[in-house]
Structures are given as C-alpha cells and as structure tokens.
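**Q** Kindly return the folded structure for what I paste below:
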Amino acid sequence: MEVLGRDSTREGYRVAIGGAEARIVGLIPDAVISTQMTLTGGRGHQTAYDWLARHQNQIETTLQALATGTGRIRAPYDRVVLEKDA
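**A** The predicted structure is shown next:
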C-alpha cells in the first residue's frame, strides 16, 4: 500500500494499492483514524501514517471489496471511499 498524502479539502488520506494496470485509489477519512487515536498535538500526520501502516491489511481488503463490490466491510472501514466515488 502506498500513502499518497493528505487531502485537506476532503479531510482524509489518499492511499493506493495494486500496480499500474490494476491500481485502486481510496480515501481514508480522518474520522476513521481518529476513532482510535487523537490526531492533534503537532504530530497528527505522523500519527496518521503510523495508523495507516498498522492497518494496512484491513485497508487493502476494504479497497478490494469496494472495487469489486464483494465482501462485507466492517466499521470503521465502511467510511472508506474509492477515489472515483469521492
């Protein structure tokens, strides 16, 4: 999984999985991350990047499920959206 950076307009972090031909890009809203930790105190970005790394498997599974329309997505990942849907 590649973290593409924060989208301040949509208040979330853009992530991508897959290769050039099968790339899936999604947005992980700040609210998903902050349900489990605080993103304040001047270390918000690093805290978010650490959280994204720890939850990489769940995020990748969620993006695959959204892209294929299969599988059940559990909270808090049910708020993740694909880039084309955002």
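
**Q** okay, how far is it across stretch 2-22, tip to tip?
**A** Its start and end residues considered, stretch 2-22 measures 14 Å (C-alpha to C-alpha, to the nearest Å).

**Q** Please identify the buried residues of that stretch?
**A** Applying a neighbour-count criterion of 16 or more other C-beta atoms under 10 Å, one finds 3, 6-7, 12-15, 17 buried in stretch 2-22. All C-beta spots, glycine's among them, are computed from the backbone N, C-alpha and C.

**Q** Contacts for that stretch, please.
**A** By C-beta atoms under 8 Å, 6 or more residues apart in numbering, the list of residues contacting stretch 2-22 from outside reads 1, 23-33, 45, 48-49, 52, 59-60, 63-64, 83, 86.

**Q** 6 Å instead, please
**A** Contacts of stretch 2-22 from elsewhere in the structure, counted by C-beta atoms under 6 Å, 6 or more residues apart in numbering, are 1, 23-30, 48, 52, 60, 63.

**Q** quick one on the thing from earlier: out of the buried residues of stretch 2-22, which are inside strands?
**A** Per DSSP state E, strands hold the following members of the buried residues of stretch 2-22: 3, 6-7, 12-15, 17.

**Q** Tabulate these (a markdown table), appending pLDDT.
**A** Converted to a markdown table, these look like this (pLDDT from 0 to 100):
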| residue | pLDDT |
| --- | --- |
| Val3 | 95 |
| Arg6 | 93 |
| Asp7 | 94 |
| Gly12 | 94 |
| Tyr13 | 95 |
| Arg14 | 97 |
| Val15 | 97 |
| Ile17 | 96 |
